[in-house]
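In: Let me see the structure of the following:
(4 chains)
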Number of protein chains: 2
Amino acid sequence: MIRLVIADDQALVRGALAALLGLESDIEVVAEVGRGDEVSAAVVLNKADVALLDVEMPGLDGIAAAARLRTDAPDCRVLMVTTFGRPGYLRRAMQAGAGGFVVKDTPARQLADAVRKVAAGLRVVDPALAVESMTSGDSPLTERETEVLRAAGDGGTVADIAAATFLSEGTVRNYLSSGMGKTGARTRAEAVHIAEENGWLL
Amino acid sequence: MIRLVIADDQALVRGALAALLGLESDIEVVAEVGRGDEVSAAVVLNKADVALLDVEMPGLDGIAAAARLRTDAPDCRVLMVTTFGRPGYLRRAMQAGAGGFVVKDTPARQLADAVRKVAAGLRVVDPALAVESMTSGDSPLTERETEVLRAAGDGGTVADIAAATFLSEGTVRNYLSSGMGKTGARTRAEAVHIAEENGWLL
DNA sequence: CCGGGCCGATGACAAATGTCATGGCGATCC
DNA sequence: GGATCGCCATGACATTTGTCATCGGCCCGG
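Out: Numbering: from 1, shown residues only, chains lettered A, B, ... in the order given. Model prediction:
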């Protein structure tokens, strides 16, 4: 019997996944949580074998939650599930110790299989996403560059970004410029878009 | 027995919802589709009583699909489900003839109730969303303004937007300017953000 | 029929943005 | 110890952007 914890911020999806996997005879859903920072406690309390984590979650994102499970509950395997097939997500999830990574538009039937394989210690990766992850490598952006690009995400002016990052306006423009150069963008907004698509903004 | 069609672009969520609702004794899931333009045919073929539609879908978005059901299958009730609580979505969905509107982070248990109520001809609306829909009214943007803002969404230059919309560069800047004025934004990117949040970009 | 709104465009101007060169500081690697 | 790289900053410069005034055409409601 595989003891499973489900973490997803959307209650409807969470419950639906629980219903779907609860139908399997060898899987038992022992807990459901809606926030990343509740995962660790739920896994430890229920002695879970596998944690099904969404990447997008409030409190603590799925990747950080997976990293924390690595120390809090080393025996618990992690299967990441995400809405968007950002290539960078896969890489970071694997680095964080995830045992599997599937996208939400994979056939429902394969999910139970993925859970079983992960529980057995195997690695499960969406094949289409794997090749993309190879081509689009690791983030070329430096730490401050990503920070500035993320701050630029909601469309504020340079002054806004400078205030948010505690940097000089000129420095902000320099980082924006270098970020645009590395992403091949011609506008800061385009750079933000490209970086987001690749999962470089975390 | 309520005959239900489920439409959602994410196969996993689709299957999970089917599993969840299939547990109810008075609900029968008769079809699942992943594209908006397949909804109509599925409903007609299976003589469905209720269609559960996601707003975000390829081919045809949920609102347009609901509008088409109004003519193709007038007896079929529509329950909209969405990830984002964009205030404008609710209004547009209701105008398109939807009988209910719930967000994906509502408790899973209430979904079956919502389906039953919609099937009975009642209106079901997420209460938190309803008040927001009242305060943030209809889109103040004109047709071209939304078109230009949407084209500006991926961060291109004025020249790019002009090329995409077949307008003069000066005209594009005028529409951007007026759009920014109506949204209270100080940057085109901010205007796009605000308009998106409110569901004004369709 | 006349006003008002949206559409498309032009021109001019101030402000913001993107680019480049340059400098100093610290860490890391050879 | 020198070389390299990232970080932070400044200043100058050309370009882009946002704003405003103005024009003509079109369609709709009073």
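In: from memory residue A:161 sits against residue A:151, does it?
Out: Yes. The pair residue A:161 and residue A:151 passes the contact test of C-beta atoms under 8 Å, sitting 4.7 Å apart. (Each C-beta comes from the backbone N, C-alpha and C, glycine too.)
In: quick one: which of the two has more around it?
Out: Comparing residue A:161 with residue A:151 by other C-beta atoms under 10 Å in any protein chain shown, the one with more neighbours is residue A:161, at 24 against 20.
In: Need phi/psi at the residue sitting furthest away from the middle of chain A.
Out: The outermost residue of chain A, judged against the average C-alpha position, is residue A:170 (32.5 Å), by C-alpha atoms, centre = their mean. Backbone geometry at residue A:170, expressed as degrees, to the nearest 10, gives phi -60, psi -40.
In: Could you pick out the residues of chain A near chain B for me?
Out: A:9-20, A:23, A:34, A:81, A:83, A:102-109, A:111, A:152, A:154-157, A:185-193 (C-beta under 8 Å from any C-beta of the partner chain).
In: start to end distance for stretch A:80-96?
Out: End-to-end span of stretch A:80-96 (C-alpha to C-alpha, to the nearest Å): 11 Å.
In: for stretch A:64-84, that is, sorry about that
Out: Using C-alpha to C-alpha, the two ends of stretch A:64-84 sit 17 Å apart.
In: Look up how far residue A:24 lies from residue A:50.
Out: Here the distance between residue A:50 and residue A:24 works out to 12 Å (C-beta to C-beta, to the nearest Å).
In: So for the two, which residue has more residues nearby?
Out: Neighbours per residue (other C-beta under 10 Å) separate residue A:50 from residue A:24, with residue A:50 holding more: 24 against 16.
In: my read: that one touches residue A:6, true?
Out: No. In this structure, residue A:50 is not within contact of residue A:6 by C-beta under 8 Å, at 9.7 Å.
In: Just want the most central residue of chain A.
Out: Centrality entry for chain A: nearest residue to the mean C-alpha point is residue A:55, 3.2 Å, by C-alpha atoms, centre = their mean.
In: Give the full set of residues in contact with it.
Out: Taking C-beta atoms under 8 Å, 6 or more residues apart in numbering or on different chains as the contact definition, residue A:55 lies against A:61-63, A:80-84, A:89, A:93.
In: Helices along chain A, start to end?
Out: Here chain A has its helices, by DSSP state H, at A:11-22, A:39-46, A:62-72, A:87-95, A:109-119, A:127-135, A:143-151, A:158-165, A:169-183, A:188-197.
In: of all these, which lies closest to residue B:116?
Out: helix A:11-22 (15.9 Å; C-beta to C-beta).
In: quick revisit: redo the helices of chain A as TSV? Include distance to DNA strand C.
Out: Output for the helices of chain A, formatted as TSV (distance: least, C-beta to the nearest atom of the strand, whole Å):
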stretch	distance to DNA strand C
helix A:11-22	37
helix A:39-46	30
helix A:62-72	21
helix A:87-95	18
helix A:109-119	34
helix A:127-135	25
helix A:143-151	10
helix A:158-165	3
helix A:169-183	4
helix A:188-197	4
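In: can you list those in JSON lines and add mean pLDDT?
Out: Compiled in JSON lines, the helices of chain A are given as follows (pLDDT from 0 to 100):
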{"stretch": "helix A:11-22", "mean pLDDT": "90"}
{"stretch": "helix A:39-46", "mean pLDDT": "93"}
{"stretch": "helix A:62-72", "mean pLDDT": "90"}
{"stretch": "helix A:87-95", "mean pLDDT": "80"}
{"stretch": "helix A:109-119", "mean pLDDT": "91"}
{"stretch": "helix A:127-135", "mean pLDDT": "61"}
{"stretch": "helix A:143-151", "mean pLDDT": "91"}
{"stretch": "helix A:158-165", "mean pLDDT": "93"}
{"stretch": "helix A:169-183", "mean pLDDT": "92"}
{"stretch": "helix A:188-197", "mean pLDDT": "92"}
